[in-house]
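Asker: sharing a sequence plus its predicted fold:
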Amino acid sequence: EGFGVLTEIDVRDTLRKKLDVDFQQYIILGACNPQLAYRGLEAEHDLGLLLPCNVVVHEHAGGAGGSRVAFLDPGVMMGVAGNQALSPVADEARARLQRVAATLKEEAYSFKFKEAASES
């Protein structure tokens, strides 16, 4: 779907080093689709405050094994900018991420797509 990983933060390792605590495996990936990022930045220069898109990969709670992958709905992120010109970019990003999610589900990952309504 054209996404690449720009950054990788190992939260478990960071917490161990900074706080000397043990935490589950938890990775934050900074993912970006260059074409969509360019279109978004052309419409809203301050969009860089919301980029790259974070993808969280962590151990599934409950000790049942497996991993969970979560993304934030791009429409929610673009809504923060308050620029309607970003709507088509957000819609395309959402469709691409939903296809990624479908692929992950087929590969037996646990997946959660975070939406504004589910957070309230």
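Answerer: Cool, got the structure. Small disclaimer: the values here were computed from a predicted structure and weren't measured.
Asker: state the distance from the most far-flung residue of the chain relative to its centre to G48.
Answerer: Here the centre of the chain is the reference, and by CA atoms, centre = their mean the most remote residue is D20, at 26.9 Å. Remark: distance between D20 and G48 (CB to CB, to the nearest Å) = 34 Å. Quick note: C-beta positions are derived from backbone N, CA and C, even for glycine.
Asker: repeat for D73
Answerer: D73 sits 19 Å away from G48, going by CB to CB.
Asker: do the same with G4
Answerer: 17 Å.
Asker: swap in P88?
Answerer: P88 is 19 Å from G48, by CB to CB.
Asker: and if you look at E42?
Answerer: Taken as CB to CB, the span from E42 to G48 is 12 Å.
Asker: in the longest helix along the chain, what counts as buried?
Answerer: Counting by DSSP state H, the longest helix found in the chain is helix 87-106. With burial defined by 16 or more other CB atoms under 10 Å, the residues of helix 87-106 counted as buried are 89-90, 92-94, 96-97, 100-101.
Asker: do you have the helices of this structure handy? List them.
Answerer: Under DSSP H, the chain gives helices at 11-19, 34-43, 74-81, 87-106, 116-119.
Asker: mind checking which of the ones you listed is nearest E59?
Answerer: If you check each of the helices of the chain against E59 by CB to CB, helix 11-19 wins as the nearest, at 9.2 Å.
Asker: list of residues touching that closest one?
Answerer: By CB atoms under 8 Å, 6 or more residues apart in numbering, the residues outside helix 11-19 that reach it are 21-28.
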